[in-house]
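Visitor: okay, here's the prediction I keep looking at, along with the sequence it came from:
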Amino acid sequence: MIYSTQEIEDYSLPLPITQTAYNTAQRFSLQQPNPQKAEQVHLNTLAVYAVNDYLQLMGIPTEVTAGDSWNPVMRLCTDVADLEVTGKGRLECRPVKISESTCHVPLEVQEDRIGYVLIQIDEVHREATILGFTKTAVTGELHIRQLQPLESLLKHLSKIGEPELVKLPVQLSQWLQGIVEAGWQSVEALLDTRQTNLASNVRSASGSGEPNVRRAKLIDLGVQLGNQVVTLLVAVAPKADQKLEVRVEVHPANGKTHLPHNLILVMLSETGEKIQEVQSRSQDNYIQLKLFKCLSGESFSVQLALDDISITENFVV
Amino acid sequence: MNYPTDKLTEQLNQLVAKACSYPPNSTERQEALTQIVRVVMKSGKLWKENNPYYGDALQQTWLYFMRNICEATTGAKYDAEISSVITWLNAYLKKRLLDFRLSSSEEEKQRAKPSFVKEQEPEQEIDPIDNLPAPPDIPPILEITRNWATTDFDGELRGVHIKGYPKVNCQILILRRLPPETPWETLATEFGLSISTLNSFYCRQCMPRLRKFGESQGYL
């Protein structure tokens, strides 16, 4: 959501600048070799303190001295205002001067941050106003209109490190009885004829004519700049001794002919051990795992990964 | 922004009730508490005073508020029947300000006492300037860092360079980025490399070495 400048003012949070913050800012800026650098360090330190004081009020633990902004050499060599939030990562706290509506984000702090907080420093009234928060700063310059209110920062911090929701495994043996989980559609519904022909058929070796079941699901690997959606296809066929033969394939979705390059398909055991892995090359129409058999009651996971995004589907036979 | 007091009291009571309806440390409670700080700070109803420690006293007041608004942690729990939120905050703030005034006048008294004058040396005159704290020594951190990078005693900084560009190594980039920093644009033109290549090399190879060196210097 994008807010207007007026709304940002409504959502902003003024906090007092403490003498402790001033003294530290003074100490750090006195170490700098020129007035420009001294002013930068002074403002950066006050900005870090403002966010630190706010998080302290919220009961969110921080380690203010653990960041680069407390390292004398890093402070000198880089324009840094980072704050370590315990167990979460580093927030960059960028100062904004009164009457300015943008702030420069130095190249060296554009990686390895869990978010950016902008703080307006008003030394005359000894007030630091937290303007808002944003998760990313790719352009190198942040406009205060891009900011979200502090409440979004609280939500963001609470989500970091939270275990993913435990998804119930897909019950493959029930597929044979026609009970299929939501999201798993017929292959024909998701793949066109050409792809359907490519997609392998799992044949029942028993020849008893028992039904083979193939189902497909759209998997969104939500990479920035256009979604990367692929189709995960799972086919099962009953075998002797209550075993189930399973085939796993990944096909392009939305009418695309090729899979994204470097898409990784992994099969994991019940204990998370990697059993097999396959990676797409630049022009692959589809990729597949080697056919495998499972005993009734066994479970496994299939993981799809592209760049930093990884999605896991759990199955039980 | 000045609210009518009744409206403000009512709004704050609602926010307090909302905050306390959620468990401690929950995001929902944090959101409501943030809203309370926002409303109070912008209401213009907080006690103001010209005191260098006003900010510290106010931060302590907010901490006290957070710890006792829903559950009694460090003091008595807030009771809306006894006082409004603003009255409660102002009472605590004034107490803290008084503490700071007392302790700073105590310090001044200590400083004014010439207790350190040894009677054996009556001829020594006390220059009041001597009693002021000396300005902190400015550690020549720039010189220390420049010497470290220039000396590069084990050749590590010279040895790590951008692939195919032996001249664009950690030593040269660290030295050129010391204040007054050479802009990335200038360095990119000079070396015939993109800003992102230079920057990513600086972040991955130079910064960890600077960080480690900084840690070895202690936190000044």
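Guide: Perfect, thanks for sending it.

Visitor: alpha carbons only for contacts and neighbour counts from here, please
Guide: Noted.

Visitor: near chain B, which residues of chain A?
Guide: A:11-20, A:27, A:30-34, A:37, A:53, A:56-59, A:68, A:70-74, A:76-77, A:107-108, A:126, A:150-151, A:154-155, A:158 (Cα under 8 Å from any Cα of the partner chain).

Visitor: okay, now the unreliable bits of the stretch 201-317 of chain A?
Guide: A:201-211, A:222-227 (pLDDT under 70).

Visitor: can you tell me the closest non-neighbouring residue to B:W184?
Guide: B:I195 (6.1 Å; Cα to Cα, 6 or more residues apart in numbering or on different chains).

Visitor: so who does the one you found touch?
Guide: Taking Cα atoms under 8 Å, 6 or more residues apart in numbering or on different chains, we find B:I195 in contact with B:W184, B:E185, B:L187, B:A188.

Visitor: quick check on those residues: which are buried?
Guide: B:W184, B:L187, B:A188 (16 or more other Cα atoms under 10 Å in any protein chain shown).

Visitor: ok, the residues you listed vs B:N50, which is closest?
Guide: Relative to B:N50, the closest of these is B:W184; by Cα to Cα it sits at 44.2 Å.

Visitor: all helices of chain A, in order?
Guide: Per DSSP state H, chain A carries helices over the ranges A:5-11, A:19-30, A:35-57, A:72-77, A:150-159, A:172-175, A:187-190, A:193-198.

Visitor: isn't B:W62 right next to A:Q56, touching?
Guide: No: if you go by Cα atoms under 8 Å, B:W62 and A:Q56 don't touch, sitting 9.9 Å apart.

Visitor: which one of those two has more residues nearby?
Guide: Neighbour totals were compared for B:W62 and A:Q56, and B:W62 leads with 21 against 16 (other Cα atoms under 10 Å in any protein chain shown).

Visitor: run a quick neighbour tally on the residue of chain A found nearest chain B.
Guide: Closest approach between chain A and chain B, counting by Cα to the nearest Cα: A:T18, at 4.2 Å. Using other Cα under 10 Å, A:T18 is surrounded by 24 other residues.

Visitor: give the contact list for it.
Guide: With Cα under 8 Å, 6+ apart, A:T18 has these contacts: B:Y53, B:Y54, B:G55, B:D56, B:Q59.

Visitor: apart from its chain neighbours, what residue comes closest to B:Y54?
Guide: Using Cα to Cα, 6+ apart, the closest residue to B:Y54 is B:L97 (6.7 Å).

Visitor: now the helices of chain A in JSON lines, with mean pLDDT?
Guide: Output for those, formatted as JSON lines (pLDDT from 0 to 100):
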{"stretch": "helix A:5-11", "mean pLDDT": "68"}
{"stretch": "helix A:19-30", "mean pLDDT": "94"}
{"stretch": "helix A:35-57", "mean pLDDT": "96"}
{"stretch": "helix A:72-77", "mean pLDDT": "94"}
{"stretch": "helix A:150-159", "mean pLDDT": "92"}
{"stretch": "helix A:172-175", "mean pLDDT": "86"}
{"stretch": "helix A:187-190", "mean pLDDT": "82"}
{"stretch": "helix A:193-198", "mean pLDDT": "71"}
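
Visitor: now do the strands in the stretch 201-317 of chain A.
Guide: Taking DSSP state E, counting those that start in this stretch, the strands of the stretch 201-317 of chain A run over residues A:213-220, A:229-238, A:243-252, A:264-268, A:274-279, A:287-288, A:292-295, A:299-306, A:309-316.

Visitor: that should have said chain B, apologies.
Guide: B:161-162, B:165-169 (DSSP state E).

Visitor: nearest residue to the middle of chain B?
Guide: Centroid-nearest residue in chain B, with Cα atoms, centre = their mean: B:D56, separated by 11.5 Å.

Visitor: right, and that residue touches A:Q19 too?
Guide: Yes: counting by Cα under 8 Å, A:Q19 is a contact partner of B:D56 at 6.2 Å.

Visitor: so how far is B:L178 from B:G164?
Guide: Counting by Cα to Cα, to the nearest Å, the separation of B:G164 from B:L178 is 24 Å.

Visitor: and what of A:M267?
Guide: Counting by Cα to Cα, the gap from A:M267 to B:L178 is 49 Å.

Visitor: higher neighbour count, these two?
Guide: A:M267 (23 against 17).

Visitor: if we ignore the residues flanking it in sequence, what's nearest the more buried one?
Guide: A:V302 (4.7 Å).

Visitor: return the residues in contact with A:F28.
Guide: Contacts of A:F28 by Cα under 8 Å, 6+ apart are A:A38, A:V41, A:H42, A:T45, A:P72.
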